[in-house]
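> fold the stuff below for me.
(4 chains)
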Protein chains: 2
Amino acid sequence: MTSPSSSSSSSGATPARVDTLEHPALADARDAIADGIDREALVTVFGRCTVDYDGRASSHLESGDRHVMLKPDGASLVHTDEGQQPVNWQPPGCEHSVRYVESGAEAGDDDGPTDDPSTPRLVLESDRSTPDERLRVSFSRIFQVSAFAGSDETELALSGTEEDLRQRILEEPSLLESGFTPLATERSTPAGAVDVYGEDSAGRAVVVELKRRRVGPDAVSQLRRYVDALERDLHADADVRGVLVAPSVTDRADRLLVEHGLEFVSLEPTAD
Amino acid sequence: MTSPSSSSSSSGATPARVDTLEHPALADARDAIADGIDREALVTVFGRCTVDYDGRASSHLESGDRHVMLKPDGASLVHTDEGQQPVNWQPPGCEHSVRYVESGAEAGDDDGPTDDPSTPRLVLESDRSTPDERLRVSFSRIFQVSAFAGSDETELALSGTEEDLRQRILEEPSLLESGFTPLATERSTPAGAVDVYGEDSAGRAVVVELKRRRVGPDAVSQLRRYVDALERDLHADADVRGVLVAPSVTDRADRLLVEHGLEFVSLEPTAD
DNA sequence: CGTTCGATATCGCCT
DNA sequence: AGGCGATGTCGAACG
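Sure thing, here's the model as predicted:
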């Protein structure tokens, strides 16, 4: 069951390739993983391991069975059987390495005890600098190693974003209010760029902050910062209106809006 | 190469089990995936597929080779060979389903064209309500299916969090400033809960907002909301101090602090 | 349930 | 490289 199996898809311009080992010896797993990293394949390892992270924060995970994915762009993901988020990870830009250690005590230079340091271990590391951080996965057993090489040229088409909401307003400004005229998007202020800047039927300046979903107090504060900054920037006794555009607001955000003299218009990113 | 292989770890209290098919026929893949879901295993599928999401937003991904993970808690993840984040996903709480469709045109009820609708397809769906959303992965080819059953009882131990920063301040209040006395954590105000509430050596109320890392304008606004709310809550002519505690602040955040009469103390979550 | 806020947030854009 | 804001953010704590 530890003999390597390599197989290619029989049709298609760029055949996908999969290499799998089941219950390999740790040394064989090391070779397969090193080969997968070298070939820039997507490598997965399922096995019993401890996990240590050190960098922006520090973490330790005792021994358990987990699924590890190493990507050719340097990303690393450790998944348990629960949760959308990996229990540990490393962002793209890391250098992956793998090594076989006869005595687990040497797996880490300065780590605490692992599940059984006296047994041999296979250690995966993903390191980067800026910020300096490291993920180390130390396996006592490996149940499966796979290396996937495929082809994926396509990009995700997503709709229902804040950008869609902006397009809706620009194409039909009356959705904001009758007589509204957009003058600029991403208009720069000392506090940052305003989503949509324009003027109302009376010629007053209007700052519009867009949110694709129901908003809380943070969005109100954000809008307030822009209105404040623009009032100073126009340095007249400018009466600048601030309008929050979102599907809905929470109670507390609504009170904040009133408190700060800001307005709200209910609008969804798409017309459905 | 399409014969099923099931294997168990030979030692350990809770042996891990791995079932793998390589280049299975779609109908065989369907049975293996359904069995894995049924057994509450962690199921992975690598193959050529299109991906469609509809719910909080909508997205479509043309045909390519991707890695799909179905977790027993209902989470679903679609990974390409790039990026830390899945290109598509579904949170825990979904219901997974798998079906074999002779003609791909029936894979979706109302979908646009896929890579080749005339060929048979294997369709994975993960659905949930509140919010109502659905992820559909439609495979034209499957290169590998695996089902992993393991054991993982341990929890992550993490340090360097905001909670650590709070403990540091509570154990040694002089780190904030000489004479500071913490009176409460998570003190409730109309604007939300204050991280640390206390008084200085002159008996003035102090609101402390903690951040584990370098902060921008949002944290300053958050602190300002708390100070405002507390000044009203104490409804005296209360002079409430607001102190932001973080490793550092950006320039713009620093100007905002001055503008709002707030203070800053540089402190890291851990003593290193 | 909804609200609120933290996170090793990640990601993309722009300076 | 750092700042800044969006995200189908996710997740947890709390009401």
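> which residue is nearest the centroid of chain A?
residue A:91 (8.7 Å; C-alpha atoms, centre = their mean).
> wait, what's in contact with the nearest residue to that residue once chain neighbours are set aside?
Of all residues not flanking residue A:91 in the chain, residue B:84 sits nearest, at 5.1 Å (C-beta to C-beta, 6 or more residues apart in numbering or on different chains). Where you see a C-beta, it was placed from the backbone N, CA and C, and this is true even at glycine. By C-beta atoms under 8 Å, 6 or more residues apart in numbering or on different chains, the contact set of residue B:84 is A:75, A:77, A:89-92.
> can you confirm residue A:20 is in a strand?
Yes. Judged by DSSP: H, G, I helix; E, B strand; the rest coil, residue A:20 forms part of a strand.
> for burial, what's the neighbour tally of the closest residue to it other than its chain neighbours?
If the residues on either side of it in the chain are set aside, residue A:20 comes closest to residue A:146, at 4.7 Å by C-beta to C-beta, 6+ apart. By other C-beta atoms under 10 Å in any protein chain shown, 27 other residues sit near residue A:146.
> the strand or helix carrying residue A:146 vs strand B:133-149, what angle?
Per DSSP states H and E, residue A:146 falls inside strand A:133-149. When axes from the mean of the first three to the mean of the last three C-alpha atoms, to 10 degrees is applied, the directions of strand A:133-149 and strand B:133-149 differ by 90 degrees.
> check whether strand A:133-149 contacts DNA strand C.
Yes. Under the criterion of C-beta under 7 Å from any atom of the strand, DNA strand C is reached by strand A:133-149 at A:133, A:135.
> so what strands line up beside the next helix-or-strand element following that strand?
On the C-terminal side of strand A:133-149, the nearest following helix or strand under DSSP H and E is strand A:157-159. Partner strands and pairing direction for strand A:157-159 (DSSP bridges) are strand B:58-70 (antiparallel).
> what ranges does chain A have for its helices?
In chain A, the helices defined using DSSP state H lie at A:26-38, A:162-171, A:217-234, A:251-259.
> ok, the second one near DNA strand D or not?
Yes. Between helix A:162-171 and DNA strand D, judged by C-beta under 7 Å from any atom of the strand, the touching residues are A:162-163.
> please save the CA atoms from that helix in PDB.
Provided in PDB are the C-alpha atoms of helix A:162-171 (Å, rounded to 0.1, in the frame of the first residue of the first chain):
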ATOM      1  CA  GLU A 162     -19.800  47.300  -3.500                       C
ATOM      2  CA  GLU A 163     -18.600  48.000  -7.000                       C
ATOM      3  CA  ASP A 164     -22.000  46.900  -8.400                       C
ATOM      4  CA  LEU A 165     -23.700  49.200  -5.900                       C
ATOM      5  CA  ARG A 166     -21.500  52.100  -7.100                       C
ATOM      6  CA  GLN A 167     -22.400  51.400 -10.800                       C
ATOM      7  CA  ARG A 168     -26.100  51.300  -9.900                       C
ATOM      8  CA  ILE A 169     -25.800  54.800  -8.400                       C
ATOM      9  CA  LEU A 170     -23.800  56.200 -11.200                       C
ATOM     10  CA  GLU A 171     -26.100  54.900 -13.900                       C
END
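> got the angle for it vs strand B:58-70?
170 degrees.
> list the buried residues for helix A:162-171?
For helix A:162-171, the neighbour count (16 or more other C-beta atoms under 10 Å in any protein chain shown) marks A:162, A:164-166, A:168-169 as buried.
> which one of those residues sits closest to residue A:188?
Nearest to residue A:188 out of the buried residues of helix A:162-171 is residue A:166 (C-beta to C-beta; 16.2 Å).
> what residues are up against that closest one?
So residue A:166 contacts A:185, A:195-196, A:210 (C-beta under 8 Å, 6+ apart).
> export those residues to CSV and tack on pLDDT?
Output for the contacts of residue A:166, formatted as CSV (pLDDT from 0 to 100):
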residue, pLDDT
A:185, 97
A:195, 98
A:196, 98
A:210, 98
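> among these, which are located in strands?
A:185, A:195-196, A:210 (DSSP state E).
> is it true that residue A:56 touches residue B:213?
Yes. At 7.3 Å, residue A:56 and residue B:213 qualify as touching, with contact defined as C-beta atoms under 8 Å.
> any weak-confidence spans in the stretch 101-250 of chain A?
Along the stretch 101-250 of chain A, the parts satisfying pLDDT under 70 run over A:104-117.
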